[in-house]
Structure formats: C-alpha cells, structure tokens
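1. The sequence and its predicted three-dimensional model are supplied below.
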Amino acid sequence: MKEPGILDNRVALVTGASRGIGRAVAIRLAAMGAFVYVNYLSNEEAARETLEAVERIGGRGAPAPFDVAQTESVRHATTKILKEQSSLDILVNNAGMTMNALVLRTGEADWDALMNTNLKGTFNCCRAVLRGMLRRRWGRIVNMVSVVAEGGNAGQACYGASKAGVLGFTRSLAKEVGSRNICVNAVAPGFIETDMTTELDGKNRRRILEQVPLGRMGNPGDVAAAVAFLVSPDAEYITGQVIRVNGGLYM
Ligand code: NAP
C-alpha cells in the first residue's frame, strides 16, 4: 500500500526496473510518493507490469526505455524527462548484467559489454542527472553493486571488477558533490531471487546457502527496503556508504 508521502513531489529514475530488484525498488519508491520513471532495455511487457503494480498501489510513473550503456540514448531520455518534470531528484543505478565465466574463457567483447552496462552505464546516468541536482542542491543517488565487489567470487572476476568500479565511483562522487547536499551511496545485494539467479542449479544453490547465516536467498523487497531508507529523510546524513543486503554472506 501507499505509505505516507515521504517522497511526494520527488521524481525518481530507476534503471533496470522492468524486472527483479529494480521493479521492487520502483514500486517501493512509488509507494513513498515519488513519480517513478521505469527504465528498461527491451522488455516492454515486463516494464508495463511494473507500472501496473505501481498504479495498483496508487503510485505514479512512466516508462523510460533506453540502454544505459549508450551515452546518447541516456542523454536523450533524461532530457525528455526533464522536459516533462521540473526536476529529477533520485537516481537508482540498478540496471546491470552478470557474467559467470573464468577469466581465461572471457573474451574482450564480453568484458566490454559488462563494463559498458554496469560501470559506464552508472557513469552515463549520473552525468546526465547531476547538473540539475547540483543546481537544486538536493539529490539522492543509489548505485547497485554486489557482494562480489567486496568479497570476490571465482568465476565472477569480470563482474566483480565492474561492481568494484561502481563502488569506487560511488565513494569519490560522494566526496565530489556532498557540499551540494547530494548523497551518493551503494547497496550491495548478496544472492537475491531474480531472473539473474534462476540459472543456479540445485547443487550451487545449496552450496551458496550453506554460506549464508540467515539460511535463505534474499528477495527483491529486501534490497528495495535499503534503497528506500537511503533516499528517505532518515538517511540525510549518510553518504559514500555501502549497505550490504546479503543475509550475512559477507561481513
Ligand atoms: P535482472 O532480473 O536480470 O534484471 C535486469 C534489469 O536490468 C532488467 O530490467 C533489464 O531490462 C535491465 N537492463 C539490463 N541491461 C540494461 C541496459 N543496458 N540498459 C537498461 N536496462 C538494462 O537483474 P536483478 O537480479 O534484478 O539485478 C539488478 C541489479 O542488482 C544488477 O545491477 C545486478 O548486478 C545487481 N545484483 C543482483 C544480485 C542478484 O542476486 N540478483 C546480486 C547482487 C547484485 P530488460 O528487462 O529490458 O532486459
């Protein structure tokens, strides 16, 4: 249900909000009163379902299809949003792809695709919204990283590098724009039930769960709750931090 309007009059852009964690974040921010732009790459049907869920709880939003890796597309889409709205206050850089492959089996094109989506995509979106946030002296940016950025995982060196890059970017950007009341934080999920983790077979799933003190995989709502906190007034003195939502997998 819609919560009291903590984010009334705020406009949010959630990248990768057609499915999984991004969808849960979009619904949560809409429930808090924000107008939410639901970004996606190609899955229009899923994005529509996110927006239907937003409307069911009395929230407001609109689709925003673009590829975060394409600098021009990001610029075009954010310019359009800023023509429709007087501001873009909250950016959640959630769009991402994963790659499970040993380094020796990873080609240059795979590396480039991963970095372009996860790392350059985050840079592209931040750059597109920062000017307005600086002018208004208010902004909240939340970057989705991963437990792998800090703890590492065999077979995910390239994915881990992309997310560790986003973490480093988060901390330096937080220092760069803090004086203008723009908070930049990261959320680092562990293993969350989404399309990204459905390919885990029973054996791998059991192996992972043995290392999770809370004994279960997380759900997208667990991650959305951390994002909701970071963009709420309760977190207005928090910047440059990482909140780990991983059931204790990495401490
Ligand atoms: P997911 O279910 O695979 O969904 C990915 C989302 O990103 C979709 O909405 C997809 O759009 C969008 N997307 C992918 N590439 C894009 C691009 N180039 N431009 C715009 N949108 C793009 O992913 P998830 O599991 O929810 O993960 C969300 C974030 O959390 C990712 O950054 C991921 O690395 C991170 N994370 C996830 C887990 C986990 O266990 N699931 C753990 C740690 C971190 P379409 O629907 O159009 O394809």
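-> Great, that's in hand.

2. Quick check: pLDDT value at the closest residue to residue 110 other than its chain neighbours.
-> The shortest distance from residue 110 to any non-neighbouring residue, by Cβ to Cβ, 6 or more residues apart in numbering, is to residue 99 (6.0 Å). Yep, even glycine has a C-beta here, placed from its N, CA and C like the rest. Per-residue confidence (pLDDT) for residue 99: 93.

3. In which helix or strand does residue 99 reside?
-> Here residue 99 is covered by no helix or strand, with elements defined by DSSP states H and E.

4. can I assume it is in contact with residue 159?
-> Yes - using Cβ atoms under 8 Å, residue 99 makes contact with residue 159 at a distance of 5.2 Å.

5. Give the residues shared as contacts by these two.
-> residue 114 (Cβ atoms under 8 Å, 6 or more residues apart in numbering).

6. And those two? Which one has more around it.
-> The neighbour comparison of residue 99 against residue 159 (other Cβ atoms under 10 Å) goes to residue 159, with 22 against 17.

7. How about the contacts made by the more buried one?
-> Neighbouring residues of residue 159 by Cβ under 8 Å, 6+ apart: 98-100, 114, 118, 146, 148.

8. Can you tell me which of these are buried?
-> 98-99, 114, 118, 146, 148 (16 or more other Cβ atoms under 10 Å).

9. Now flag whichever of those residues is closest to the ligand.
-> Set against the ligand, the nearest of the buried ones among the contacts of residue 159 by Cβ to the nearest ligand atom is residue 146 (3.6 Å).

10. State the mean pLDDT of the longest helix anywhere in the chain.
-> Longest helix in the chain, counting residues (DSSP state H): helix 157-177. Per-region confidence: helix 157-177 scores 98 on mean pLDDT.

11. do the same with stretch 29-38
-> On average, stretch 29-38 scores 98.

12. do it and the ligand meet at all?
-> No - Stretch 29-38 is not in contact with the ligand by Cβ under 6 Å from any ligand atom; minimum separation 8.7 Å.

13. which residues are in contact with that stretch?
-> By Cβ under 8 Å, 6+ apart, stretch 29-38 touches 1-14, 17-18, 22-23, 26, 47, 50-51, 54, 57, 59-64, 81, 85, 89-90, 92, 227-228, 231-232.

14. Return the alpha-carbon coordinates of it using PDB.
-> Taking Å, rounded to 0.1, in the frame of the first residue of the first chain, the C-alpha atoms of stretch 29-38 are listed here in PDB:
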ATOM      1  CA  LEU A  29       9.600   4.500  -4.200                       C
ATOM      2  CA  ALA A  30       6.200   5.000  -5.800                       C
ATOM      3  CA  ALA A  31       4.600   3.800  -2.600                       C
ATOM      4  CA  MET A  32       6.600   6.500  -0.800                       C
ATOM      5  CA  GLY A  33       5.100   9.100  -3.100                       C
ATOM      6  CA  ALA A  34       7.700   9.600  -5.800                       C
ATOM      7  CA  PHE A  35       6.800   9.800  -9.500                       C
ATOM      8  CA  VAL A  36       8.900   6.900 -10.900                       C
ATOM      9  CA  TYR A  37      10.400   6.500 -14.300                       C
ATOM     10  CA  VAL A  38      10.800   2.800 -15.100                       C
END
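
15. Just the pLDDT for residue 200.
-> The model's pLDDT for residue 200 equals 80.

16. Now for it: which residues touch it?
-> The neighbours of residue 200, taking Cβ under 8 Å, 6+ apart as the test, are 191, 208.

17. which SS class is it?
-> coil (DSSP: H, G, I helix; E, B strand; the rest coil).

18. Could you pull up phi and psi at it?
-> According to degrees, to the nearest 10, the main-chain angles of residue 200 amount to phi -60, psi 120.
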